[in-house]
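S.K.: below is the structure, and that's it, no one-letter string:
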Ligand SMILES: NC(=O)C1=CN([C@@H]2O[C@H](COP(=O)(O)OP(=O)(O)OC[C@H]3O[C@@H](n4cnc5c(N)ncnc54)[C@H](O)[C@@H]3O)[C@@H](O)[C@H]2O)C=CC1
Ligand SMILES: O=c1[nH]c(=O)c2[nH+]cn([C@@H]3O[C@H](COP(=O)(O)O)[C@@H](O)[C@H]3O)c2[nH]1
Ligand SMILES: [K+]
């Protein structure tokens with residue numbers, strides 16, 4: 001006879017927090033969101049921690065180098081997606097590790113024979129109006145000029161006009177050589193009244209751009225997540241097939257932590273992968289595993305040596321796994337069960353294995369609930385896909401800006417390589433994710449600040465100043481369908497319909 005779990009499985013929206021006593025100390029500015037990323041023994045400090053409890057999903061549409069830098073600057077961490085060749089993934093890791101604050105690698109580079117029409121198209125897509133021109137159109141090609149919005153008049157100029165006709169040519173540009181410090185670069189910018197300064201190497205190849213407007217923002221980043229060499233921390237996704245080839249490349253590139261990326265982690269494949277890493281690297285390579293949705297799955301991965309365990313099957317915004325395969329569990333129930341198992345495991349063994357809640361976070365208060373239920377940190381896909389820094393295109397759909405967002409189990413993501421059950425490189429018989437749009441939401445920093453202010457503020461309502469205290473003190477109640485209605489604006493006629501729904505962050 002099958003096992004039946006007691007009761008229904010629930011999701012975040014079915015819960016609310018009941019406030020506890022808040023003292024005068026309980027103000028958002030006093031709240032610490034620091035949280036362990038990897039396993040540690042009682043009385044010891046974890047080898048890696050996050051300054052904010054957020055990681056970005058291991059997805060093509062989410063975690064590229066740019067988002068990884070932006071998130072590490074705020075104190076979180078990205079896992080670069082593994083659905084690409086090991087070399088490409090390692091190159092992305094390297095890009096994050098070699099990032100120097102204030103030096104921006106161009107993502108809008110032109111060739112001299114492109115047209116004004118193409119320039120305007122690129123500006124629309126990337127949102128950037130400063131575009132260096134290189135001989136081959138790559139971000140590290142030989143620099144031949146630069147185009148800014150001052151160089152053309154969209155209303156009057158012919159869209160067929162060539163870049164070479166209206167760009168500022170290289171000989172009229174002020175540039176600095178590779179190795180120039182940020183401070184010197186900024187002095188040059190001020191002395192020459194520039195808006196940006198291209199950095200070139202001895203061979204006149206473009207290295208990076210320094211922007212005038214960026215200078216101030218580099219001064220105050222109290223939470224940024226740095227390694228001992230002051231480089232940003234970055235993670236990378238791996239799978240249970242090519243780890244013997246992929247892991248060494250990622251480690252060599254400087255990945256600080258790895259995570260096995262799978263819909264289902266309670267498997268011999270994950271056990272073998274974890275064992276291989278321990279055999280070859282001991283504890284010097286940190287690796288999370290998952291996903292699981294119950295205590296048994298957690299205990300299995302903890303015993304196999306996982307550094308953290310990821311929870312969540314089928315709750316993601318782009319997920320259709322539950323519909324396709326009938327596996328999964330309401331995210332809140334899964335998380336509560338696993339976090340209880342983590343605490344028991346800690347009691348028994350003295351080893352704390354952090355839990356990551358993955359998928360299904362829609363409102364900011366879902367983050368707070370997941371942390372109250374015991375998650376050490378959260379993995380978010382849709383949330384980050386909406387920002388400037390995500391790797392996908394920004395498109396205009398019926399007058400609104402959108403970003404593309406697709407599941408790792410969608411045909412689009414799987415196209416990079418096709419596997420089937422049993423590891424055959426055959427065509428896949430069914431997909432487990434969709435391709436979609438999400439509303440564009442601007443820069444990561446503003447959004448993360450705003451979401452976390454809400455988290456901090458609710459923690460204060462519950463009398464907590466850090467996440468461990470929050471888990472301890474949180475009081476949660478299930479809500480009925482009828483009281484959900486009570487929670488929104490109701491029985492009034494809204495003057496502005498945009499206030500209608502709770503804000504989906
Ligand atoms: N969190 C979620 O709810 C879901 C996430 N996803 C995402 O989609 C992507 C793909 O996930 P999965 O399909 O679960 O990938 P997966 O690589 O873990 O598993 C695919 C299939 O290959 C088999 N397999 C794994 N290692 C093997 C090996 N060494 N030899 C032979 N067979 C092996 C597995 O048993 C499974 O049937 C991931 O990025 C995952 O995060 C997909 C569905 C649901
Ligand atoms: O069933 C699925 N099919 C997919 O194609 C897919 N791609 C990603 N994921 C999982 O969803 C998480 C992100 O969820 P959110 O967008 O809700 O943050 C991610 O972190 C994954 O756990 C998938 N699940
Ligand atoms: K879903």
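M.R.: Ah, there it is. The structure displayed is predicted, hence computed values, not measured ones. Ligands and ions are numbered 1, 2, ... in the order given.
S.K.: how about the host helix or strand of residue 324: buried residues?
M.R.: Following DSSP states H and E, one finds residue 324 within helix 321-325. For helix 321-325, the neighbour count (16 or more other Cβ atoms under 10 Å) marks residue 321 as buried. Any C-beta I mention is one placed from the backbone N, CA and C, and that applies to glycine too.
S.K.: number of nearby residues for residue 193?
M.R.: 7 (other Cβ atoms under 10 Å).
S.K.: for my notes, confirm it occurs in a helix.
M.R.: No - applying DSSP: H, G, I helix; E, B strand; the rest coil, one finds residue 193 to be coil, outside a helix.
S.K.: can you check the pLDDT for it?
M.R.: Residue 193 carries a pLDDT score of 92 in this model.
S.K.: swap in residue 340?
M.R.: Looking at residue 340, its pLDDT reads 98.
S.K.: just to revisit the earlier point, beyond the helix holding residue 324, next helix or strand please.
M.R.: Later in the chain than helix 321-325, the nearest helix or strand by DSSP H and E is helix 331-349.
S.K.: about what we covered before: can you confirm whether the helix holding residue 324 lies near ligand 1?
M.R.: Yes - shown here: helix 321-325 in contact with ligand 1 (Cβ under 6 Å from any ligand atom) through residue 321.
S.K.: show residues contacting that helix.
M.R.: Contact with helix 321-325 is made by 263, 313, 314, 327, 328, 409, 430, 431, 432, 433, as judged by Cβ atoms under 8 Å, 6 or more residues apart in numbering.
S.K.: point out the residues in this protein that sit beside ligand 2.
M.R.: Within reach of ligand 2 by Cβ under 6 Å from any ligand atom, the chain has these residues: 57, 59, 312, 314, 316-321, 358-361, 379-383, 407-410, 432-433.
S.K.: which residue does the stretch 301-450 of the chain have closest to ligand 2?
M.R.: Per Cβ to the nearest ligand atom, residue 433 is where the stretch 301-450 of the chain lies closest to ligand 2, at 1.9 Å.
S.K.: and the pLDDT for that residue?
M.R.: For residue 433, pLDDT reads 90.
S.K.: now do the one 10 residues further on
M.R.: Residue 443 is assigned 97 on the pLDDT scale.
S.K.: hmm, it is touching residue 384, no?
M.R.: No - assessed by Cβ atoms under 8 Å, residue 443 is found out of contact with residue 384, at 11.6 Å.
S.K.: neighbour count winner among these two?
M.R.: More neighbours surround residue 384 than the other of residue 443 and residue 384, with 30 against 13 (other Cβ under 10 Å).
S.K.: measure the more buried one to residue 237 for me?
M.R.: From residue 384 across to residue 237, the span is 14 Å (Cβ to Cβ, to the nearest Å).
S.K.: one more: residue 379?
M.R.: Going from residue 379 to residue 237 by Cβ to Cβ gives 11 Å.
S.K.: any common contacting residues for those two?
M.R.: In contact with both residue 379 and residue 237: 58, 79, using Cβ under 8 Å, 6+ apart.
S.K.: of these two, give the one with the bigger neighbour count.
M.R.: Neighbours per residue, other Cβ under 10 Å: of residue 379 and residue 237, the larger number sits with residue 379, 30 against 26.
S.K.: okay, and that one sits in which element?
M.R.: strand 377-380.
S.K.: which stretches of this structure have low pLDDT?
M.R.: The model of the chain has pLDDT under 70 over residues 214-220, 418-428, 497-505.
S.K.: tell me who's in contact with the residue positioned nearest the centre of it.
M.R.: Centroid-nearest residue in the chain, with Cα atoms, centre = their mean: residue 56, separated by 2.3 Å. Shown in contact with residue 56 (Cβ under 8 Å, 6+ apart): 62-63, 67-68, 71, 76-79, 379-381, 384.
S.K.: inside helices: which ones of those residues?
M.R.: The members of these that map onto helices under DSSP state H are 67, 68, 71, 384.
S.K.: out of those, flag the one nearest to residue 155.
M.R.: residue 67 (34.6 Å; Cβ to Cβ).
S.K.: returning to that earlier point: narrow the contacts of helix 321-325 to just the buried residues.
M.R.: Among the contacts of helix 321-325, those classed as buried by 16+ other Cβ under 10 Å are 263, 313, 314, 328, 409, 431, 432, 433.
S.K.: any idea how far residue 133 is from the residue lying closest to residue 166 once chain neighbours are set aside?
M.R.: In space, and not counting its chain neighbours, residue 166 is closest to residue 151: 5.0 Å by Cβ to Cβ, 6 or more residues apart in numbering. Between residue 151 and residue 133 the distance is 10 Å, computed by Cβ to Cβ.
S.K.: who's more crowded, these two?
M.R.: Using other Cβ under 10 Å, the more surrounded residue of residue 151 and residue 133 is residue 133, with 26 against 18.
S.K.: A helix includes that one, no?
M.R.: No - Residue 133 is assigned strand when assessed by three-state DSSP, not a helix.
S.K.: ok, the residue lying closest to it once chain neighbours are set aside - contacts?
M.R.: Once flanking residues are discounted, residue 133 sits nearest to residue 145: 4.1 Å by Cβ to Cβ, 6+ apart. Applying Cβ under 8 Å, 6+ apart, we find residue 145 in contact with 112, 132, 133, 163, 164, 167, 168, 169, 170, 173.
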